[in-house]
Structures are given as structure tokens and as C-alpha cells.
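*Asks:* compute the structure for the input listed below.
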Amino acid sequence: MQPLPVPCPARLIPDATGAEAFRGAYREAMGRNAVFVAIESEAPRQWTVKADTLTAGADHAVADVVNDAIRNAILRLVRNREADFGAYTGPVYFMMHGVRNEERARELAAALHAALYGDLELLARAVPSAP
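*Replies:* Numbering: from 1, shown residues only. Now for the predicted structure:
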């Protein structure tokens, strides 16, 4: 498996549905000292987006401004009912349940992954601020 590029195209976000797939994707990220990101199918038409910075090692730092932007974006998704209440908003582990389709889950995961490497552009496009 190749390391995910930054920014990562949505189509390359791994589907970690099932315990074995999740463990494999998580181990792969940890082995490469990379941010873990994946989607998982919860049920028909319900997806989860997950990201974890622990796999990137102690040297990987996420600036407060980035964590704030991610938290605010996730809270907007919850308010807009694009993600279920109870999402994890960081600063180390991020999770959004109840995303309604795989394409949107991949888009959000790719945007979250880029943001965790300091590139907020995809996140701003995927989850625009209210006017």
C-alpha cells in the first residue's frame, strides 16, 4: 500500500470497514508515521469518517488554528445534520458518524487529512463557513 499523498484525492481514502481492514489501515499509517484517515460503512447509506494523529508520531504537531478550524467544520456538519451528534472533534482523534453516502465521506476524510497536515483549503471547500 502506498502512503497517502497530501492532499489526498478522495478516491484514495481507505475503506476500513470491518475490524481486520481497520487494523490493517491503522497499522499501515503507524508504520509510515503518517496521519491515519479512513472511512467505514456503518449501515446502508451511513458512513463514518475517522482520523487519528497518534499514528504520525510525537513529532507531528497540529497547530491550534488548524484544530479550531477542524472543530468548527465538524460542528457545522453536525448542525447541518450531515454528521450525527457526538462527533469527536480532536485534538488527536476525529470521528464523524452518520455521513449519508460514501462519496461525501471520502470528500470529508480527504479534507480532514489535508487539514491535519496544515492545508485547510480542502476543508474550507468541503465545509464552507456560514455567510
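*Asks:* what helix or strand does the most centrally placed residue in the chain sit in?
*Replies:* Against the mean C-alpha coordinate of the chain, by CA atoms, centre = their mean, the closest residue is residue 109 at 3.6 Å. Using DSSP states H and E, residue 109 maps to helix 102-116.
*Asks:* next helix or strand past that helix?
*Replies:* Counting by DSSP H and E, the element after helix 102-116 in chain order, helix or strand, is helix 121-126.
*Asks:* name the residues of that next one that are buried.
*Replies:* 122-123, 126 (16 or more other CB atoms under 10 Å). All C-beta atoms are positioned from the backbone trio N, CA, C, and that covers glycine.
*Asks:* helices and strands around the helix holding residue 109, which ones?
*Replies:* Counting contacts by 3 or more CB pairs under 8 Å, 6 or more residues apart in numbering; DSSP states H and E, helix 102-116 is packed against strand 36-43, strand 46-52, helix 64-79, strand 93-99, helix 121-126.
*Asks:* could you give me the average pLDDT of that helix?
*Replies:* Averaged across helix 102-116, the pLDDT comes to 97.
*Asks:* try stretch 67-75
*Replies:* 97.
*Asks:* contacts for that stretch?
*Replies:* Stretch 67-75 has contacts (CB atoms under 8 Å, 6 or more residues apart in numbering) with 83, 87, 89-91, 94, 96, 111-112, 115-116, 120, 123-124, 126-127, 129.
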